[in-house]
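**Q** predicted model and sequence below, questions to follow.
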Amino acid sequence: MARISQRVHDNVHMFGDLLGQTMKAERGEAFLHKVELIRTGAKAARRGSQEGRKQLEETLAGLSEDELLPVARGFSQFLNLANIADQYHLMRRRRDDDEPAFEDQMLTQVLERLKACNQCPQALTQVVAGLDIELVLTAHPTEVSRRTLIMKYDVIAQQLAELDHASLPAAERERHVAKLRSLIAEVWHTSEIRSSQPTPQDEARWGFAVIERSLWQAIPNVLRHVDEVLREQGAGPLPLDAAPIRFASWMGGDRDGNPNVTAKVTRHVLRMARWLAADLYLRDISQLTHELSMQHGSDELAAAVGTSSDEPYRVVLKRLRTRLRHTRSELQNAIAHDLPLPQDIIHDRAELLEPLLLCHRSLHACGMGLIADGDLLDTIRRVATFGLSLVRLDIRQDSSRHAAAMDEITQWLGLGSYLTWSEEQRQQFLLKELHSKRPLLSRDFAPSADTREVLDTCGVIARAPTESLGTYVISMAQAASDVLAVQLLLKEAGVRRAMRVAPLFETLDDLDNAAGVIRQLLALEDYRARLAGPQEVMIGYSDSAKDAGTTAAAWAQYRAQEQLVQVCEEAGVELLLFHGRGGTVGRGGGPAHEAILSQPPGSVAGRFRTTEQGEVIRFKYGLPEVAAQNLNLYLAAVLEATHLPPVAPKDEWRAVMERMAADGLQGYRQVVREEPQFVDYFRQATPEQELGRLPLGSRPARRRSGGIESLRAIPWIFAWTQTRLMLPAWLGWESALEKAFARGEEPVLDEMRDQWPFFRARIDMLEMVLLKADSGIARLYDERLVEAQLRSLGEQLFSRQQQAVENVLRLTGQEQLFERHPIVRASINVRDTYLDPLHLLQVELLSRSRGQTELCPAIEQAMLVTVAGIAAGLRNTG
């Protein structure tokens, strides 16, 4: 472990030297000297040196206006390079002589435990093949890294791998260092700043790039690893069409509060995905055409070829290549000119898959199984995983938009106002119309622009291929009629196939009522008949945490899942829970395997659907080897949660958690809702208002005008993350733990942390966020930006944060946070040296910008760089 830590340190040091050389070449020795004074001052200040603090502040204060931006860029880019070193460290573990990486051992360990429970080896293959894991890639309104730079960072990571060979000759080593020097110079001379706000199509391209550059390779690698592990357990490999992990997307489909995502945009993104899929398969087939030059084939292959040929495989593959070229060309034309798709392109996955399976069978029949199970098998597995559409696009819209559309329709029909009807009246009307064979609307209906957009979106769904679409998600769902209304709108648009419609329960009250809503729906015979597979329900983590704090929200999410499992079991219907997790603890984020294993018993059941957002996608899936590690974790954790579920919580644990949730809710709302000065303090102490004016994402920061309740969960958390107070992730826990200790419940808390994965995961995530929090930095924002009469509120919050730290240390029996993980502590400490100057610069920029109606370009540019750098240094935004 120490050896690995030293490698990370050495790589970080090398990157720092190369970046310093680049800055010196452009800005001169004097500038680099100032940067070094800032760095050493920040490092000394972190150790408590008043001289270091003075050096840091004086050097920053002495920067000329034209030096602010390059200084910010220097520290920001160093943090991005440090992330690359960390990512490479994850890859490097796989090639070490030490024991295999934790992620690679998990599946073996779970399968061994299943065998010990009398699971026969051959059944293990079916168990793994039957898993249904879907990772839903979502755009991040505060994703701060340009795609251009992300690609350069990937190349730097690849070059680092080339350099990492002990026997590399000196000349070869210098060549790789020179290449790194050139790449870092390219990064330095490339603007981090987008020239304009990204469109939903830009965000979709960003998501597709992750698939193209990483997941396309990671998926077959993961499935090969699964085959190897299964063989070690005496089982057979996965079936050729097995796809235990698939991908969906919200990019271009999530229109909740984003007027930029229109029906036209959704249609465009669907076609973009099909075009890229055709292009990627064309590359694969071209490579296979080159490789499969063998002359011996089966009778089945000969019959398919139809003529005598010395290269039968190439004949089959060239035909497929021609079809793919035509498909790609026609899709390109349809995208460019917004034309209908022609019928003579590949519309059926079988048309792509069957020629590949034919070649695979023939190679095995002719004794060439080694060749069959090489690149050909990888392509077959990509077809099984990605299909013709690369990802399945979810559609998301707020329930109020559907209700408003229904209101317009019922008033036009002369039936009254849908919005004034009771829930019973709404259900009666919707069920009657769903059962009716006649259309609801005539051609004379002239809807408003908003209703037209809802209907047009349903029309795009009706015309899209079934496999290109995922789930229709209803935000802020509260009643059974919210689901029935969407089903009726889809029927009216011509959707004749079953499509999953998932209510998203987001607030504390909605989570508490979720089981009742689903019970009502499942009691409707017609509704049961329309179900497309399992009943899907989405659990909202971020908005429930913003509504109630993470203590109460986490317990409400757990209880809601338990109740939903029970309701669906009673109804004899399978349940699919869709977890709307963010990247941060305040939005339900955290290590994936811990999160999965902390779900209530019976809630996973071989299925797991979850969102992966923004910068989390880049860190977890940006490089093929790192992506493979994370996908292995998902496989093993879902398998374990399904077949070796955690114990159900004891009644005593439940009672403690109920009290803690109530205390946490009170503590959170006492500040966020009941403190009259809180909104003013929030807006002064954080960059929340400035963030809303920066070109970060396609979606507005607010759903509507108003206070905290109108602010989206992501910028709410992003603003606190930038100041390092991290308030949404811990507020409420400090009082919940304090009162539990006061009641003498510490022995029970120790037992809960030791035996209950749910509670242990929450405390672990709380500890991590408190390690990243820094009230000293947050206080700097207060001193410069907050009115004197509001600063006492800040001091109260800093006191609460310290109370949270002390209570976590008491519960975990440590003297300092993450005492058990010194490498994690060291990594954050290294980053603090480069984060501190960025925070101080951001405070200066905020101070200058306050009171201006518009940000001047220089300040806006420097502000964005500090935002990007802090987000990179903390490895998350919102």
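**A** Looks like it came in fine. Numbers count the residues shown, from 1 in each chain.
**Q** quick one, helices of the stretch 551-700 of the chain?
**A** 592-597, 614-621, 624-643, 651-672, 678-685, 688-691 (DSSP state H, counting those that start in this stretch).
**Q** pLDDT below threshold where in the stretch 701-850 of the chain?
**A** Within the stretch 701-850 of the chain, the segments meeting pLDDT under 70 span 701-714.
**Q** just to revisit the earlier point, ok, which of the helices of the stretch 551-700 of the chain comes nearest S49?
**A** Closest to S49 of the helices of the stretch 551-700 of the chain is helix 678-685 (C-beta to C-beta; 26.5 Å). C-beta: built from backbone N, CA, C; applies to glycine.
**Q** name the helices or strands packed onto that closest one?
**A** Secondary-structure packing of helix 678-685 (3 or more C-beta pairs under 8 Å, 6 or more residues apart in numbering; DSSP states H and E): helix 775-785, helix 791-812.
**Q** for the ones you listed, which one sits closest to L370?
**A** Closest of the helices and strands packed on helix 678-685 to L370 is helix 791-812, at 51.6 Å (criterion: C-beta to C-beta).
**Q** would you indicate which residues of that closest one are buried?
**A** Within helix 791-812, the residues that qualify as buried are 791, 793-794, 797-798, 800-801, 803-805, 807-809, 811-812, counting by 16 or more other C-beta atoms under 10 Å.
**Q** test my guess that A648 contacts Q566.
**A** No. Counting by C-beta atoms under 8 Å, A648 sits too far from Q566 to count as a contact (11.9 Å).
**Q** tell me which of the helices of the stretch 551-700 of the chain sits nearest to A529.
**A** With C-beta to C-beta, the closest approach to A529 among these belongs to helix 624-643: 27.8 Å.
**Q** keeping just the C-alphas, turn that closest one into PDB.
**A** The C-alpha coordinates for helix 624-643 follow below in PDB (Å, rounded to 0.1, in the frame of the first residue of the first chain):
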ATOM      1  CA  PRO A 624     -11.900   1.500 -19.700                       C
ATOM      2  CA  GLU A 625     -10.000  -0.100 -16.800                       C
ATOM      3  CA  VAL A 626     -11.500   2.100 -14.100                       C
ATOM      4  CA  ALA A 627     -15.000   1.600 -15.700                       C
ATOM      5  CA  ALA A 628     -14.400  -2.200 -15.600                       C
ATOM      6  CA  GLN A 629     -13.600  -2.000 -11.900                       C
ATOM      7  CA  ASN A 630     -16.800  -0.100 -11.100                       C
ATOM      8  CA  LEU A 631     -19.000  -2.400 -13.300                       C
ATOM      9  CA  ASN A 632     -17.500  -5.400 -11.500                       C
ATOM     10  CA  LEU A 633     -18.600  -3.800  -8.200                       C
ATOM     11  CA  TYR A 634     -22.100  -3.400  -9.400                       C
ATOM     12  CA  LEU A 635     -22.300  -7.000 -10.600                       C
ATOM     13  CA  ALA A 636     -21.000  -8.400  -7.300                       C
ATOM     14  CA  ALA A 637     -23.000  -6.100  -5.100                       C
ATOM     15  CA  VAL A 638     -26.300  -6.700  -6.900                       C
ATOM     16  CA  LEU A 639     -25.700 -10.400  -6.800                       C
ATOM     17  CA  GLU A 640     -24.900 -10.300  -3.100                       C
ATOM     18  CA  ALA A 641     -27.900  -8.100  -2.200                       C
ATOM     19  CA  THR A 642     -30.200 -10.400  -4.100                       C
ATOM     20  CA  HIS A 643     -29.000 -13.800  -2.900                       C
END
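**Q** okay, angle between it and helix 614-621 too, please.
**A** Angle between the axes of helix 624-643 and helix 614-621 is 90 degrees (criterion: axes from the mean of the first three to the mean of the last three C-alpha atoms, to 10 degrees).
**Q** now name the helix or strand holding the nearest residue to S827 once chain neighbours are set aside.
**A** Distances taken as C-beta to C-beta, 6 or more residues apart in numbering put D86 closest to S827, at 6.7 Å, once the chain neighbours are dropped. For D86, the element it lies in under DSSP states H and E is helix 65-93.
**Q** coming back round to it: reformat the helices of the stretch 551-700 of the chain as CSV; add mean neighbour count and mean pLDDT.
**A** Listed next are these as CSV, based on neighbours: other C-beta atoms under 10 Å; pLDDT from 0 to 100:
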stretch, mean neighbour count, mean pLDDT
helix 592-597, 21, 84
helix 614-621, 23, 80
helix 624-643, 24, 92
helix 651-672, 19, 97
helix 678-685, 19, 94
helix 688-691, 20, 82
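**Q** any chance of the ones you listed in JSON lines with distance to Q428 as columns?
**A** What follows is the helices of the stretch 551-700 of the chain, written out as JSON lines (distance: least, C-beta to C-beta, whole Å):
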{"stretch": "helix 592-597", "distance to Q428": "40"}
{"stretch": "helix 614-621", "distance to Q428": "42"}
{"stretch": "helix 624-643", "distance to Q428": "39"}
{"stretch": "helix 651-672", "distance to Q428": "36"}
{"stretch": "helix 678-685", "distance to Q428": "42"}
{"stretch": "helix 688-691", "distance to Q428": "44"}
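**Q** which one of the ones you listed lies nearest to Q425?
**A** Nearest of the helices of the stretch 551-700 of the chain to Q425, taken as C-beta to C-beta: helix 651-672 at 33.5 Å.
**Q** for that closest one, which helices and strands make contact with it?
**A** Counting by 3+ C-beta pairs under 8 Å, 6+ apart, helix 651-672 packs on helix 542-548, helix 550-571, helix 733-742, helix 746-755, helix 791-812.
**Q** 7 Å instead?
**A** With contacts taken as 3 or more C-beta pairs under 7 Å, 6 or more residues apart in numbering; DSSP states H and E, helix 651-672 sits against helix 550-571, helix 733-742, helix 746-755.
**Q** could those go into JSON lines alongside distance to N118?
**A** Listed next are those as JSON lines, based on distance: least, C-beta to C-beta, whole Å:
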{"stretch": "helix 550-571", "distance to N118": "25"}
{"stretch": "helix 733-742", "distance to N118": "40"}
{"stretch": "helix 746-755", "distance to N118": "25"}
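**Q** need these in CSV with distance to Q861 and mean neighbour count, can you?
**A** What follows is the helices and strands packed on helix 651-672, written out as CSV (distance: least, C-beta to C-beta, whole Å; neighbours: other C-beta atoms under 10 Å):
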stretch, distance to Q861, mean neighbour count
helix 550-571, 34, 22
helix 733-742, 38, 21
helix 746-755, 46, 16
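**Q** which of those helices sits closest to A372?
**A** Counting by C-beta to C-beta, A372 lies closest to helix 550-571 out of the helices and strands packed on helix 651-672; the figure is 41.6 Å.
**Q** between the closest one and helix 651-672, how many degrees?
**A** Relative orientation of helix 550-571 versus helix 651-672 (the same axes, to 10 degrees): 130 degrees.
**Q** just put the helices and strands packed on helix 678-685 in JSON lines and tack on distance to D254.
**A** Below are those laid out as JSON lines (distance: least, C-beta to C-beta, whole Å):
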{"stretch": "helix 775-785", "distance to D254": "32"}
{"stretch": "helix 791-812", "distance to D254": "32"}
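**Q** so which of those helices is nearest A529?
**A** Evaluated over those, closeness to A529 peaks at helix 791-812, with 50.2 Å, by C-beta to C-beta.
**Q** buried residues in the following helix or strand past the closest one, which are they?
**A** Downstream of helix 791-812, the first helix or strand assigned by DSSP H and E is helix 822-849. Buried residues in helix 822-849, counted by 16+ other C-beta under 10 Å: 827-828, 830-846, 848-849.
**Q** what lies in contact with stretch 401-412?
**A** Outside stretch 401-412, the residues that touch it by C-beta atoms under 7 Å, 6 or more residues apart in numbering are 416-419, 440-441, 445, 447-448, 450-451, 454, 482, 485-486, 489.
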